[in-house]
Each structure stands twice: as structure tokens, then as C-alpha cells.
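**Student:** Sequence and predicted structure below; questions after.
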Amino acid sequence: MAQELEYDVGDYVVYPAHGVGRIEALETHSISGMTVQLYAISFEKERMTLKVPVGKAKKSGLRKLSSKDRIKTALETLTGRSRVRRTMWSRRAQEYEAKINSGDPVSIAEVVRDLHRATDQPEQSYSERQIYQAALERLARELAAVERIDEVKATQKLEQVLKKAA
């Protein structure tokens with residue numbers, strides 16, 4: 001009962017709650033008498049390995065890296081106008097976290113855009129900075145993987161786009 005494999009060892013993938021990871025191995029485990037195939041995905045930044053059953057990969061939100069077009073749309077989103085709603089910070093923070101955990105680069109770019117502060121703007125609160133950093137890192141990692149550059153260069157590229165937009 002071999003399952004159809006969507007990803008190969010060495011592929012970069014995106015897991016919504018953790019961002020970009022790399023498939024390190026395809027493992028077969030026996031769990032209560034059943035044989036289960038698992039993708040072993042390593043997330044270097046978090047020093048973590050996640051094991052996702054092959055049969056549940058799609059349902060879990062595991063996906064291939066975004067296309068260059070999707071990344072381009074995310075970068076264009078950064079240049080748009082900030083859409084900060086006048087709701088309580090706790091509610092906005094939850095919405096931002098949900099967007100980051102969706103794994104969608106355009107949604108993550110919206111968080112980066114909305115929380116980005118130009119040097120002449122008021123200081124962010126600690127929690128705003130935390131969410132901003134999380135979103136920026138997540139977007140930079142996918143940009144780096146798609147464009148095959150390192151994360152530092154990807155972050156610089158994102159910050160340049162944000163500066164031009166300000």
C-alpha cells in the first residue's frame with residue numbers, strides 16, 4: 001500500500017505554522033500495528049524536525065514553495081497602503097498571528113506592511129515588534145528559498161521595498 005508521494009527528499013516545503021522547512025527523509029513507522037509513511041521535515045532556524053504523515057500532508061497545509069509570481073504579489077503587497085483597523089490591539093494581534101500561521105506569503109506581507117514603522121513614526125509596542133519580526137522572518141525565509149539567496153539578503157530586500165513604499 002505505497003502512497004503517492006508529492007514531495008521528494010531534499011525538497012523545500014512550507015508548513016503553515018512553522019514556515020519553510022526541508023524534507024530530510026521519508027520514514028516508515030509501525031504505529032499500533034499499522035504502517036505509516038512520514039515526511040521528516042527539518043526547520044533549521046527552530047532546530048526542529050516535524051514528522052507529517054504522507055496521507056495527511058495536504059490536509060495539514062503542507063505545500064511547495066510559492067511561485068515567483070506569488071512572491072512578486074507579496075512584494076507588491078508591501079508597497080500598498082497600510083490597512084490598520086481601529087480595533088483593539090488584542091483582536092488585531094490575533095488576526096496578525098492567524099495570517100502568519102496561514103503560511104500564505106501575501107497574508108504575511110500584509111502583516112509586515114501594516115506593522116512596519118518608518119523612522120519618523122511612533123515607536124512600536126513590544127508585542128507589535130514581536131509579531132512584525134515573526135512575519136518579516138517568515139516572509140524572508142520563503143523569499144530566500146524561492147530566490148536561492150540567504151535569509152539576510154532576503155530580509156534586506158524586503159526592508160528596501162518597505163523603505164521605497166514609505
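**Tutor:** Alright, I've got the coordinates.
**Student:** what comes up buried for the strand ranked longest in the chain?
**Tutor:** Longest strand in the chain, counting residues (DSSP state E): strand 19-31. Residues 19, 20, 21, 23 are the ones in strand 19-31 that count as buried (16 or more other CB atoms under 10 Å). Every C-beta, even on glycine, is put in place using the N, C-alpha and C of the backbone.
**Student:** now swap in stretch 70-89 and tell me
**Tutor:** Buried residues in stretch 70-89, counted by 16+ other CB under 10 Å: 71, 74, 75, 77, 78.
**Student:** same check, this time on stretch 55-65
**Tutor:** Residues of stretch 55-65 classed as buried: 57, 62, 63, 65 (neighbour count, 16+ other CB under 10 Å).
**Student:** What's the end-to-end length of stretch 72-91?
**Tutor:** 29 Å (CA to CA, to the nearest Å).
**Student:** what does that stretch rub up against?
**Tutor:** Stretch 72-91 is contacted from outside by 66, 92, 105-106, 108-110, 112-114, 116, 125, 127-128, 139, 143, 158, 161-162, 164-165, using CB atoms under 8 Å, 6 or more residues apart in numbering.
**Student:** hmm, which of the residues you listed are the buried ones?
**Tutor:** With burial judged by 16+ other CB under 10 Å, the buried subset of those is 66, 92, 105-106, 108-110, 112-114, 116, 128, 139, 143, 158, 161-162, 165.
**Student:** All the strands of the chain, residue numbers only.
**Tutor:** Using DSSP E, strands in the chain cover 12-15, 19-31, 34-43, 48-53, 63-64.
**Student:** want to throw those into JSON lines with mean pLDDT?
**Tutor:** Formatted as JSON lines, the strands of the chain follow (pLDDT from 0 to 100):
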{"stretch": "strand 12-15", "mean pLDDT": "94"}
{"stretch": "strand 19-31", "mean pLDDT": "93"}
{"stretch": "strand 34-43", "mean pLDDT": "93"}
{"stretch": "strand 48-53", "mean pLDDT": "94"}
{"stretch": "strand 63-64", "mean pLDDT": "94"}
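**Student:** what would the ones you listed look like in CSV with distance to residue 88?
**Tutor:** As requested, the strands of the chain are arranged in CSV below (distance: least, CB to CB, whole Å):
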stretch, distance to residue 88
strand 12-15, 30
strand 19-31, 27
strand 34-43, 32
strand 48-53, 32
strand 63-64, 32
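**Student:** and of those, who's closest to residue 97?
**Tutor:** Closest approach to residue 97 among the strands of the chain is made by strand 19-31 (13.5 Å; CB to CB).
**Student:** Show me the beta-bridge partners of the nearest residue to residue 44 once chain neighbours are set aside.
**Tutor:** In this structure, residue 44 finds its nearest non-sequential neighbour in residue 22, 7.5 Å apart by CB to CB, 6 or more residues apart in numbering. On the basis of DSSP bridges, residue 22 is bridged to residue 12, residue 42.
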